[in-house]
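Peer 1: Please work out how this folds:
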Amino acid sequence: MRCRVLTLAAALAVVAAPAFAARLIVTVDGLHSRQGGVFIGLYASPAKFLHGNQTDAMRQVSAAGGPITVEFDVPPGTYAVGAFHDENGNGHLDTNFLGQPVEGYALSNGIRAVFAKPTFYQAAFRIGDGDTPMRLHIRYP
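Peer 2: Here you go, the predicted structure:
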């Protein structure tokens, strides 16, 4: 009887585990210095998109000469991704009094803030099964 309970518990644990059948591979280039760090955020819905440091997943790496690559294991779905170069190392994207970024940043689909904050839907893309490469080019104001 105990063996059946353990077998059932193990089977439920496998079923309850999230199935990550996809990998997003993000390459960030265009950094103009090795100062500070680079934050790469993954967004699975509009609720957290560009709201401070809220993300569904975040990677932070040191700024380096040359492209930086990070990976996210995710279930297939619709996502947006963004990155910024935190040159001064204060842990967030600095903005001016109008809310416009003053540090380098990039968003999926090449979206840029012009007169208003970009939306999740402008930056959204679909991830299917397998690997999805994404290239972000940091641009500075």
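Peer 1: going forward, measure contacts between C-alpha atoms and count neighbours the same way
Peer 2: Will do.
Peer 1: list the helices and strands the biggest strand by length in the chain packs on?
Peer 2: When the chain is parsed with DSSP state E, its longest strand is strand 77-86. The contact analysis (3 or more CA pairs under 8 Å, 6 or more residues apart in numbering; DSSP states H and E) places strand 77-86 against strand 37-43, strand 105-107, helix 120-123, strand 125-127.
Peer 1: Could you identify which of those is most buried?
Peer 2: Highest mean neighbour count of the helices and strands packed on strand 77-86: strand 105-107, a mean of 25 (counted as mean count of other CA atoms under 10 Å).
Peer 1: Angles on the backbone of residue 70, please.
Peer 2: For residue 70, the backbone dihedrals are phi -130, psi 160 (criterion: degrees, to the nearest 10).
Peer 1: what's the closest non-adjacent residue to it?
Peer 2: Leaving aside its sequence neighbours, residue 70 sits nearest to residue 26 (CA to CA, 6 or more residues apart in numbering; 5.4 Å).
Peer 1: Who are the contact partners of that neighbour?
Peer 2: By CA atoms under 8 Å, 6 or more residues apart in numbering, the contact set of residue 26 is 69-71, 133-136.
Peer 1: just the buried members of the residues you listed?
Peer 2: 71, 134-136 (16 or more other CA atoms under 10 Å).
Peer 1: would you turn those into TSV with secondary structure, pLDDT and distance to residue 114?
Peer 2: Compiled in TSV, the buried ones among the contacts of residue 26 are given as follows (DSSP: H, G, I helix; E, B strand; the rest coil; pLDDT from 0 to 100; distance: CA to CA, whole Å):
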residue	secondary structure	pLDDT	distance to residue 114
71	strand	97	29
134	strand	97	22
135	strand	97	21
136	strand	98	18
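Peer 1: So for the helix or strand that contains residue 25, what gets flagged as buried?
Peer 2: According to DSSP states H and E, residue 25 maps onto strand 22-29. For strand 22-29, the neighbour count (16+ other CA under 10 Å) marks 22-29 as buried.
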